[in-house]
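> Sequence and predicted structure below; questions after.
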Amino acid sequence: MSARVIPPISPTTQPYWEGAARGELMLQQCSACGQRPFPPHTHCEKCGSAELAWQAASGKGTIYTYTISYRAPHPVFRDQCPMVIAVVELDEGPRLMTNIIECDPEHVAVGMAVEAAFEKIDDSDVVLPVFRLV
């Protein structure tokens, strides 16, 4: 468990957070054109269809870009610095902002393989997808 800022959960994002609580990284896929929007949407960004189905992703990807934060961006992160804040490109295509955990921040590099992990946020039912190096 760790201290985190609790993200907003809406009816549109609810399946994403329910999947995380099960240890699954969930993505939408448009039934009309195959686009995988992220973050979750009510309609496809590419074709406008409302036919978006939820599917479990592999949870695998690569670091697209990152930064190392030596100063806490919010007081709840004080004990977690230095922390790696990254954009991960999933094998399925979408990119998401996350943290890379359980690593020496100085050895992280663009292009490194990562896999999803899940952290429960203290004092809540929210489970946050994070990533670790493979």
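Arrived safely.
> residues near the closest residue to residue 15 other than its chain neighbours, how many?
Distances taken as C-beta to C-beta, 6 or more residues apart in numbering put residue 54 closest to residue 15, at 4.7 Å, once the chain neighbours are dropped. The way it works is simple: take the backbone N, C-alpha and C, and place the C-beta from them, glycine included. Neighbour count of residue 54, defined by other C-beta atoms under 10 Å: 15.
> Identify each buried residue in stretch 110-129, please.
Using 16 or more other C-beta atoms under 10 Å as the test for burial, stretch 110-129 gives 112, 114, 116, 117, 118, 119, 121, 126, 127, 128, 129.
> could I get the residues you listed as a markdown table with distance to residue 20 and secondary structure?
Below are the buried residues of stretch 110-129 laid out as a markdown table (distance: C-beta to C-beta, whole Å; DSSP: H, G, I helix; E, B strand; the rest coil):
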| residue | distance to residue 20 | secondary structure |
| --- | --- | --- |
| 112 | 22 | coil |
| 114 | 16 | strand |
| 116 | 9 | strand |
| 117 | 10 | strand |
| 118 | 6 | strand |
| 119 | 9 | strand |
| 121 | 10 | strand |
| 126 | 8 | coil |
| 127 | 4 | strand |
| 128 | 7 | strand |
| 129 | 5 | strand |
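> So for those residues, which is the shakiest by pLDDT?
Lowest in pLDDT among those is residue 121, which has 86.
> hmm, back to that, and the two most separated of the buried residues of stretch 110-129?
Across the buried residues of stretch 110-129, no pair lies farther apart than 112 and 126, at 26.7 Å, counting by C-beta to C-beta.
> Show me the shaky parts of the chain.
1-4 (pLDDT under 70).
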